[in-house]
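Asks: quick one, structure for this:
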Amino acid sequence: MLAAMSMLMVAAKLVRSGLTGEHVRALAARAAGDWERLCEPEILAAVDLPPAARALLWRPDRAALAADLQWLRASGARLLVCGRDDYPAQLAAAAGAPAALYLLGEAAALRAPQLAMVGARRASPLGCAIARDLAGALAQAGLTVTSGLAIGIDAASHAGALAAGGRTIAVLGSGLGRIYPRDNLGLAARIRAAGALVSQFPPAAEPRRQNFPCRNRVISGLALGTLVVEAAPGSGSLITAQCALNQGREVFAVPGSIRSPLSRGCHRLIREGAHLVEGPEDVLAGLNFLPSDQILVGCRLGGAEASGGSPEGGAPLDKEYEMLLDALDFEPATLDALVARSGLPGASVASMLLILELQGRVAPYPGGLYGRLSK
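Replies: From the prediction side, this is the model:
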């Protein structure tokens, strides 16, 4: 841990400067490895730095820095500086890595082999179920699941890893003193206890739009590869995938329905060479990663096996329920469409859908649609 107050001040300045790890290494070389001298005027003048960053380091906002350090002491967080031993090596090797990171949680989680999992915020219930299943299986195999704490696929990925007893890391587009989104405060607390919360921004930084591309580069930079589950064209998840490619990391994508806009981003990635993922074994093979327990991971997309048992291991469904699920398949459909396809009375279909929803087999979608979650 950076123990000296002067070094903590240097690290906090570096966070506010927006410099990269390359800049910090150049400063450290000029200072002959004396990290506490990084922000001295003669050192700053001798290294090619963006003028705005040099000015911030030379004449920082003292009140803002004092607030940062006060939060650091009160929260129990750590500051990791690129080029020092506790900074994650995988990220340090990526171009444009942040000069420094705030960390809440377990620093060892950042040094573990990681898989980034990202996807749509307005994800479908099926997409979230797939993300949870994959994250759980991959966490059990020994990978730490890294994502961005966003609503949708990110949250489902974190939750899946936690449910499997694995580790997960959340990289924020805000400061660690302003967890965003607020709906995921509870999830963030669980992640801190079983992994880490990370940010390259000062503790009180708001979640501004321009922060998220930077956050995405950190997500992909920490990981061996990036897996995308549901992404519309132009989504931030595709930016993360492109960052992974630029960093020389593997990219994976889960295919989906050709009728769903949320499948188009993943299908584009697959056409461009991303690994097509039907189960966790596809990710492990693409990373050449041997599961820590030396067993074949048995998770398949969709949750339950094709035996007809419920996701919770209950009894097989009655024939009429099987007919309704066959009519639904994996394309979301309206109640009227299901009545027409199955030949069952409308009242019966409505009550059966409620039972299937309680069993975790189907889920309601916007627009009066229902989607199937398992076989």
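Asks: drop to CA atoms for contacts and neighbour counts, all remaining ones
Replies: OK.
Asks: from Arg264, how far off is the closest residue to Pro98 other than its chain neighbours?
Replies: Nearest residue to Pro98, sequence neighbours excluded (C-alpha to C-alpha, 6 or more residues apart in numbering): Thr20, at 4.6 Å. Per C-alpha to C-alpha, to the nearest Å, Thr20 is found 33 Å from Arg264.
Asks: re earlier: ok, now which ones touch the residue nearest to Pro98?
Replies: Gly96, Ala97, Pro98, Ala99 (C-alpha atoms under 8 Å, 6 or more residues apart in numbering).
Asks: ok, the last one - how many residues close by?
Replies: It refers to Ala99. By the criterion of other C-alpha atoms under 10 Å, Ala99 has 27 neighbours.
Asks: what's the answer for the third one, then?
Replies: A total of 28 residues lie near Pro98 under the criterion other C-alpha under 10 Å.
Asks: check Gly175 too.
Replies: The burial count for Gly175: 20, using other C-alpha under 10 Å.
Asks: spit out the contact partners of the residue nearest to it when sequence neighbours are not counted.
Replies: Nearest non-adjacent residue to Gly175, counting by C-alpha to C-alpha, 6+ apart: Pro203, 4.0 Å away. Shown in contact with Pro203 (C-alpha under 8 Å, 6+ apart): Asp68, Trp71, Tyr102, Ser174, Gly175, Leu176, Gly177, Arg178.
Asks: at 7 Å what do you get?
Replies: By C-alpha atoms under 7 Å, 6 or more residues apart in numbering, the contact set of Pro203 is Asp68, Gly175, Leu176, Gly177, Arg178.
Asks: the second one is in what secondary structure piece?
Replies: This points to Gly175. Assigned by DSSP states H and E, Gly175 belongs to neither a helix nor a strand.
Asks: kindly indicate whether the residue nearest to Gly175 is helix, strand or coil.
Replies: Following DSSP: H, G, I helix; E, B strand; the rest coil, Pro203 is assigned to coil.
Asks: my guess is Val339 contacts Pro345, does it?
Replies: Yes: contact criterion C-alpha atoms under 7 Å: Val339 and Pro345 qualify, at 6.4 Å.
Asks: these two: which has the busier surroundings?
Replies: A direct count of neighbours by other C-alpha under 10 Å for Val339 and Pro345 places Val339 higher, at 18 against 12.
Asks: who touches that one in this structure?
Replies: Pro345, Gly346, Val349.
Asks: kindly report the same for Arg167.
Replies: Neighbour list for Arg167: Ala139, Thr144, Val145, Ala161, Ala194, Gly195 [criterion: C-alpha under 7 Å, 6+ apart].
Asks: for the third one, phi and psi?
Replies: Backbone torsions of Val145, given as degrees, to the nearest 10, read phi -90, psi 120.
Asks: contacts only, for it.
Replies: Contacts for Val145 (C-alpha under 7 Å, 6+ apart) come out as Gln114, Leu115, Ala116, Met117, Ala135, Ala139, His158, Ala161, Arg167, Thr168, Ile169.
Asks: now tabulate the residues you listed in JSON lines and tack on pLDDT.
Replies: Formatted as JSON lines, the contacts of Val145 follow (pLDDT from 0 to 100):
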{"residue": "Gln114", "pLDDT": "98"}
{"residue": "Leu115", "pLDDT": "98"}
{"residue": "Ala116", "pLDDT": "98"}
{"residue": "Met117", "pLDDT": "98"}
{"residue": "Ala135", "pLDDT": "97"}
{"residue": "Ala139", "pLDDT": "96"}
{"residue": "His158", "pLDDT": "97"}
{"residue": "Ala161", "pLDDT": "97"}
{"residue": "Arg167", "pLDDT": "97"}
{"residue": "Thr168", "pLDDT": "98"}
{"residue": "Ile169", "pLDDT": "98"}
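Asks: among those, which one sits closest to Val362?
Replies: Nearest to Val362 among these: Ala135, at 20.4 Å, using C-alpha to C-alpha.
Asks: for that closest one, give its distance to Gly96.
Replies: Per C-alpha to C-alpha, Ala135 is found 27 Å from Gly96.
Asks: again, but for Ala155
Replies: Counting by C-alpha to C-alpha, the gap from Ala155 to Gly96 is 26 Å.
Asks: more neighbours, the two?
Replies: Neighbours per residue, other C-alpha under 10 Å: of Ala155 and Gly96, the larger number sits with Ala155, 24 against 18.
Asks: using the three-state scheme, assign that one.
Replies: Classification of Ala155 using three-state DSSP returns helix.
Asks: the residue sitting nearest the centre point of the chain bridge partners, please.
Replies: Closest to where the C-alpha atoms of the chain average out (C-alpha atoms, centre = their mean) is Ser147, at 1.0 Å. Ser147 has these beta-bridge partners by DSSP bridges: Ala170.
Asks: you'd agree it is up against Gly119?
Replies: No: using C-alpha under 7 Å, Ser147 is not in contact with Gly119; the gap is 9.3 Å.
Asks: wasn't Ala188 part of a helix?
Replies: Yes: Ala188 sits within a helix when classified using three-state DSSP.
Asks: what's around it, how many residues?
Replies: Neighbourhood size, Ala188 [other C-alpha under 10 Å]: 23.
Asks: which residues of the stretch 251-375 of the chain score low on pLDDT?
Replies: 292-316, 374-375 (pLDDT under 70).
Asks: again, only using 50
Replies: 294-298, 302-314 (pLDDT under 50).
Asks: from Leu91, how far off is the residue nearest to Pro98?
Replies: Thr20 is 11 Å from Leu91, by C-alpha to C-alpha.
Asks: what is in contact with those two at once?
Replies: In contact with both Thr20 and Leu91: Ala97, using C-alpha under 7 Å, 6+ apart.
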